[in-house]
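Asker: have a look; sequence and predicted model below, questions after that.
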Amino acid sequence: GAVVSQHPSRVICKSGTSVKIECRSLDFQATTMFWYRQFPKQSLMLMATSNEGSKATYEQGVEKDKFLINHASLTLSTLTVTSAHPEDSSFYICSARDYRGLGATQYFGPGTRLLVL
Amino acid sequence: EDKVVQSPLSLVVHEGDTVTLNCSYEVTNFRSLLWYKQEKKAPTFLFMLTSSGIEKKSGRLSSILDKKELFSILNITATQTGDSAVYLCGEETSGSRLTFGEGTQLTVNP
């Protein structure tokens, strides 16, 4: 399957600081990437759809000014959590759709665990 | 908003047992139904289903979709302790948006 990487894998920061998470498709180009958040014992919740060269599309209830998304190239999308607070502590996962082959499938990155103190 | 419901939410079996995990969905702009396995980290892809009645197999795992009844099942035969994980079912709609169910926590005991 396709490979999606995320960096960093884990980050601890102080309340009020901003944190940037990178998502890269390593062996394919992705015009669309997706950002999810997962709280303990819960399922993945889609936060936003990241579109290369245009604005991201946010899900209802997700603050676009707090979760800044930039999809500057066909292989890189970044999520910046601005002025992070303890309630933002979560597991953030990105995915990218690989259109090669017979079935276009979404592949997930390894995730970034964010802890805001 | 599309809703995906998985059952059971939790399942404990012994090695060698066969399990069936269920997923029902509501259709609005349905594109595909995907199954993922999640252990400690991010989900790993298992199956993508788009057509009714066509079983997909990968080793001891298999899955099938019923678009008339709006559900899918994931079967695991001869379970092993390494199959212990959360199994997620997701409905993909137009625009490639994925809506996940709550997941089924499978525990396989030796």
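Answerer: Looks like it came in fine. Numbering: from 1, shown residues only, chains lettered A, B, ... in the order given.
Asker: chain A contacts on chain B?
Answerer: B:32, B:34, B:36, B:41-45, B:48, B:50, B:88, B:90, B:92, B:95-103 (Cβ under 8 Å from any Cβ of the partner chain). From N, CA and C alone the C-beta is placed, and that goes for glycine too.
Asker: among these, name the ones in strands.
Answerer: B:32, B:34, B:36, B:44-45, B:48, B:88, B:90, B:92, B:98-100 (DSSP state E).
Asker: hmm, B:Lys3 is touching B:Thr99, no?
Answerer: Yes. The criterion here is Cβ atoms under 8 Å, and B:Lys3 meets it with B:Thr99 at 7.4 Å.
Asker: quick one, which of those two is more surrounded?
Answerer: B:Thr99 (20 against 11; other Cβ atoms under 10 Å in any protein chain shown).
Asker: what sits opposite that one in the beta ladder?
Answerer: Beta bridges link B:Thr99 to B:Glu91, judged by DSSP bridges.
Asker: pretty sure it sits against B:Leu34.
Answerer: No. Counting by Cβ under 8 Å, B:Thr99 stays clear of B:Leu34, with 10.4 Å between them.
Asker: what sits in contact with each of these two?
Answerer: B:90-91 (Cβ atoms under 8 Å, 6 or more residues apart in numbering or on different chains).
Asker: what does the longest strand along chain A contact?
Answerer: For chain A, the strand reaching the highest residue count under DSSP E is reported as strand A:90-98. Applying Cβ under 8 Å, 6+ apart, the contact partners of strand A:90-98 are A:1-2, A:4, A:6, A:21, A:23, A:25, A:28, A:30, A:32-39, A:44, A:77, A:79, A:81, A:104-109, A:111-114, B:42-43, B:96, B:98.
Asker: just those residues: which are in strands?
Answerer: A:4, A:6, A:21, A:23, A:25, A:32-38, A:77, A:79, A:81, A:105-108, A:112-114, B:98.
Asker: part of a strand, is B:Gly82?
Answerer: No. Counting by DSSP: H, G, I helix; E, B strand; the rest coil, B:Gly82 is not part of a strand but helix.
Asker: setting aside sequence neighbours, what's the nearest residue to it?
Answerer: Nearest non-adjacent residue to B:Gly82, counting by Cβ to Cβ, 6 or more residues apart in numbering or on different chains: B:Val108, 7.8 Å away.
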